[in-house]
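S.K.: any chance you could fold what I've pasted below:
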Amino acid sequence: MSFFEEKNPEMDRYLETHASSEPEILRRLRRETYHKTTQPHMISGYQQGRLLTIISQMLNPVNVLEIGTFTGYATLCLAAGLAKNGKITTLDINEDLAYLPRKYFSESEYADRIDFRLQDAKGFLKETEEVFDLVFIDADKENYAEYFRLIKPRLKSGSVVMFDNVLWYGKVLEDQPKQKATRVIKELNDLVAKDEDFENLILPLRDGVNFLRRK
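M.R.: Have a look, this model is predicted:
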């Protein structure tokens, strides 16, 4: 649950009932995530999932990167907009939960276009020479600023990057945050806002999405 949902759950329900319907495979995945994981709130969820799908469909990307798979909900949303020859690489390090995204990826129509890897994202970004059309980052917040620095050379003009949880339950308003995650998220938001190579906007959806476009 996000900072905004706690403040106005009625509005959140209204937004959900006035958005496109959730595909059946995502509905099953969301339900199983809540039944079988200890932190189900980490799932991208219905509203954000619709946003990811629409953005992906608009971009029709050939090469997508996701950092932080969790149970694969956002992965499937992003895959919905892939070009015919497109693929999505999704990275996570949680071996205990890997069975769940693998299950739903194999059931989906995008099974042959999803490359799910149990791999450290920083190591991947330092080694890869791929260029990405669309990137979604929803992983360890303490590395957000470093992910931004590492992903920048892997983008082209028009590439889109989205960082999730950039309002951090409202903690970004703290002047001197004690929590490292809060400090790094504030650093990320500052870096993005000052980087003239990008256009960006923070969307106050759920816990905040920093939406970037490479110029």
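
S.K.: next, residue 165: phi, psi?
M.R.: phi 60, psi 40 (degrees, to the nearest 10).

S.K.: surely residue 155 is in contact with residue 148?
M.R.: No - here residue 155 lies out of contact with residue 148, judged by Cβ atoms under 8 Å, at a distance of 10.5 Å. Every C-beta, even on glycine, is put in place using the N, C-alpha and C of the backbone.

S.K.: so what sits against both of the two?
M.R.: When contacts are counted by Cβ atoms under 8 Å, 6 or more residues apart in numbering, residue 155 and residue 148 have residue 161 as shared neighbours.

S.K.: mind giving me the packing neighbours of the helix or strand hosting residue 161?
M.R.: Per DSSP states H and E, residue 161 falls inside strand 155-164. Based on contacts counted as 3 or more Cβ pairs under 8 Å, 6 or more residues apart in numbering; DSSP states H and E, the elements that strand 155-164 packs against are helix 45-59, strand 132-137, helix 144-151, strand 209-214.

S.K.: and these, which one is worst for confidence?
M.R.: Lowest mean pLDDT within the helices and strands packed on strand 155-164: helix 45-59, at a mean of 94.

S.K.: next SSE downstream of it?
M.R.: Heading C-terminal from helix 45-59 (DSSP H and E), you reach strand 63-67.

S.K.: how far off strand 155-164 does that next one point, in degrees?
M.R.: Here strand 63-67 runs at an angle of 30 degrees relative to strand 155-164 (axes from the mean of the first three to the mean of the last three Cα atoms, to 10 degrees).

S.K.: which elements pack onto strand 63-67?
M.R.: Counting by 3+ Cβ pairs under 8 Å, 6+ apart, strand 63-67 packs on helix 73-79, strand 87-92, strand 132-137.

S.K.: JSON lines please, covering the ones you listed and showing distance to residue 121 and mean neighbour count.
M.R.: JSON lines is the format used below for these (distance: least, Cβ to Cβ, whole Å; neighbours: other Cβ atoms under 10 Å):
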{"stretch": "helix 73-79", "distance to residue 121": "14", "mean neighbour count": "27"}
{"stretch": "strand 87-92", "distance to residue 121": "5", "mean neighbour count": "22"}
{"stretch": "strand 132-137", "distance to residue 121": "8", "mean neighbour count": "24"}
